[in-house]
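Colleague: Generate coordinates for the sequence data below:
(one chain, ligands or ions: 3)
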Amino acid sequence: MFTIGCHVSVSGGYEMMGKTTLAIGGNTFQYFTRNPRGSRGTKTPSAADVAALRALMEEHHFAPALAHAPYTYNPASKDENIRQYTRDAMAEELRFLESLPGSLYNFHPGCHVGQGMEVGIAQVTELLNAIVLPDQSTTVLLETMAGKGTEIGGKFEELRTIIDLVRPEIRHKIGVCLDTCHVSDGGYDIAGDTDGVVEEFDRVIGLDRLRAIHLNDSKNPLGAHKDRHEKIGEGFLGIEGITRIICHPKLRHLPFYLETPNEIDGYAKEIAQLKGIREEK
Ligand code: FE
Ligand code: FE
Ligand code: ZN
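Modeller: Ligands and ions are numbered 1, 2, ... in the order given. Down below sits the predicted model:
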């Protein structure tokens, strides 16, 4: 079973995200919970729209969808107002996601903006402790980052520390989403030495925490710390690297989400290509 999808727009409503995914051959999808660049929230979807999406997902055996928090959030901002805004917005999104049971909710740990990694990590932990509930159905995922600027999460150890510091009662609700472009940019040779990076992830964080993969090629070489996604096979990971990742025995059961620079027809082609590769192996 290959679980594959891509980032889709929420602007046409919730059921439409399911229909779009079906049309391009996917069985899961990722979406922004609200417009990533706008600070004002999108209107709350109607219960009927959410119910229609749930019915579609059930009928077509979709894996749970991955909701991505907007880029405007920063759990580790120096500014208490921004941290408070991030905390309130994420709490509200987690409440909404209970209407799509079993969801994954991915967020960027944020940038410590000169406060230092330790302070930043403590602030991310504080936020999770405040908003994640032990009995919620959503799993909250920390995304592996490229280590650009003061970004938290460019090293596996940083994510491990956050997980270690959250309240034990909510720890089972915290996981990791590995972004293949980001980890390569962060200096982990996921394309060339897939086995080695999987082992390193297991050693530092534990593979049981790994719940999703953002499948992207990178415009930049290993360790570039840039975070510029590329189309599958057209970047420094290359089609051979991507093949090793999607076919890896310890990764292949995970859901894969494309965030490549594509319109919907480009995503359809990539999904077809990746399915072909998985069928061969
Ligand atoms: Fe992301
Ligand atoms: Fe990503
Ligand atoms: Zn990225």
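
Colleague: Next, L141: secondary structure please.
Modeller: strand (DSSP: H, G, I helix; E, B strand; the rest coil).

Colleague: who's in contact with it?
Modeller: With contact taken as Cβ atoms under 8 Å, 6 or more residues apart in numbering, L141 is in contact with 66, 104-107, 174-177, 211-212. Backbone N, C-alpha and C define where each C-beta goes, glycine included.

Colleague: hmm, 6 Å instead?
Modeller: 104, 106, 175-177, 211 (Cβ atoms under 6 Å, 6 or more residues apart in numbering).

Colleague: which among those residues gets closest to R83?
Modeller: The shortest approach to R83 among the contacts of L141 belongs to N106, at 18.9 Å (Cβ to Cβ).

Colleague: What sits closest to that closest one if chain neighbours are left out?
Modeller: L141 (4.3 Å; Cβ to Cβ, 6 or more residues apart in numbering).

Colleague: Kindly report the same for R167.
Modeller: Once flanking residues are discounted, R167 sits nearest to N129: 5.2 Å by Cβ to Cβ, 6+ apart.

Colleague: What separation do you get for G175 and A55?
Modeller: Per Cβ to Cβ, to the nearest Å, G175 is found 27 Å from A55.

Colleague: And for E280?
Modeller: 34 Å.

Colleague: Mind checking which of these two has more residues around it?
Modeller: Of the pair E280 and A55, A55 is the one with more neighbours under other Cβ atoms under 10 Å, namely 12 against 8.

Colleague: helix, strand or coil for the more buried one?
Modeller: From three-state DSSP, the assignment for A55 is helix.

Colleague: Give me the distance between it and ligand 2.
Modeller: Relative to ligand 2, A55 is positioned 29 Å away (Cβ to the ion, to the nearest Å).
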